[in-house]
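1. got a structure for you, letters missing:
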């Protein structure tokens, strides 16, 4: 058997990042940025008011001031101001060059209701520059706004747009074909006869691929005879796929259709992990990455998490390919294995913020459907007891 890290390293060595493409920043959320974004302009681009109120000059005590201008956001006015003058100003408007501070409406006698009549300031500014956002105080033109290799969130694209950048270079979504194997499979909801089961792996794996940021371009199934896997690869290539994920047909049985038909394209290994020991990986002549995962749904999902998801993220150039991991106490004991790493779906009790608890889910797909993370139990001869902490990848 080989280690999980060895199998993953083989996969990642075969990944070649997708070519970047330009995209309007407003349409780039969820994609991976392929270049550092530097601010095109100062943010803010001028000294601006941080409050609705009155711009004042050299005011250090309560006073009645003459209002000389009204400055809404977007104005380009820059009125002259002498000591004893004020300009009514709204948040985001340019502060007059002569002004030294802004007094919020609530620090005046009549606030907004006073209009352009003389204003009574009842609380003087605490210091020069009060409530003024200075030009470039957020970021200066040419400074880094977002680094390369990160997935663009709403907050990140907002920062990019605010810095005056309208187009970014990002990776497109990786395109995935999902192929379930097995002569026993029928469509979910179809009538079952003895020996047949609903086909669920393609639905599960397609959903996991989409949750990882990929685009599913083909979802199909093939039986355990003939050259179905090769035909599926051809269909995936025609659909523009970058990755083909097979489930089933990779173990040691007599009807392992993926292993039996794709031995020239894929290597099949036993990996020191539970669940998911049988694994296959290779590359088609046209460049498609080929994954062979076990047929058991939980095994397939865990295998996807450990091997396919990092590959999809690496295709996009994502520098954060792995899930966030935290140490969490086990709510119950767990039988260790000395020969392999165990990956255990768990639910998480967060009722005590100071100490979370992880509870293994019930076996099978129904229990797996409640999982909130994947606990990693490294090889050890000592069984774990309640209260022992383990690393949990959060879903």
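-> Cool, the structure landed. Bear in mind the structure is a predicted one, so any value in this text is a computation, not a measurement.

2. part of a helix, is residue 366?
-> Yes - secondary structure of residue 366, determined by DSSP: H, G, I helix; E, B strand; the rest coil: located in a helix.

3. What is the neighbour count of it?
-> 9 (other CB atoms under 10 Å). To be clear about C-beta, it is placed using only N, CA and C from the backbone, and glycine gets the same treatment.

4. same thing with the one 10 residues further on?
-> Around residue 376 there are 17 other residues, counting by other CB under 10 Å.

5. Need the residues that contact the helix or strand hosting it.
-> In this assignment (DSSP states H and E), residue 376 forms part of strand 373-377. The contact list for strand 373-377 (CB atoms under 8 Å, 6 or more residues apart in numbering) reads 302, 305, 323, 325, 328, 330, 334, 336-337, 341-346, 348, 358, 360, 384, 390-395.

6. Kindly calculate the angle that the helix or strand just after it makes with strand 373-377.
-> Elements were assigned by DSSP H and E; along the chain past strand 373-377, the next helix or strand is strand 389-394. Interaxial angle, strand 389-394 versus strand 373-377 (axes from the mean of the first three to the mean of the last three CA atoms, to 10 degrees): 150 degrees.

7. Take the contacts of strand 373-377 and keep only those in strands.
-> Among these, the residues falling in strands (DSSP state E) are 325, 328, 330, 341-346, 348, 358, 360, 390-394.

8. Pull out the buried members of those.
-> Among those, the ones that count as buried by 16 or more other CB atoms under 10 Å are 328, 330, 341-346, 348, 358, 360, 390, 392-393.

9. Most widely separated two among those residues?
-> Within those, 341 and 348 form the most distant pair, 20.0 Å apart (CB to CB).

10. List the strands paired with the strand holding residue 376, with their directions.
-> In its sheet, strand 373-377 lies beside strand 341-349 (antiparallel), strand 389-394 (antiparallel), with partners assigned from DSSP bridges.

11. So for that strand, what gets flagged as buried?
-> Going by neighbour count (16+ other CB under 10 Å), the buried part of strand 373-377 is 373-377.

12. All the helices of the stretch 101-250 of the chain, in order from the start?
-> Counting by DSSP state H, counting those that start in this stretch, the segments of the stretch 101-250 of the chain that form helices are 154-162, 201-211, 228-238.

13. From residue 56, how far off is the closest residue to residue 61 other than its chain neighbours?
-> Of all residues not flanking residue 61 in the chain, residue 124 sits nearest, at 5.3 Å (CB to CB, 6 or more residues apart in numbering). When CB to CB, to the nearest Å is the yardstick, residue 124 and residue 56 sit 8 Å from each other.

14. neighbour count winner among these two?
-> Here residue 124 and residue 56 are set side by side on neighbour count (other CB under 10 Å), and the busier one is residue 56, at 28 against 16.

15. May I ask you to confirm that that one is in contact with residue 103?
-> Yes - at 5.6 Å, residue 56 counts as touching residue 103 under the criterion of CB atoms under 8 Å.
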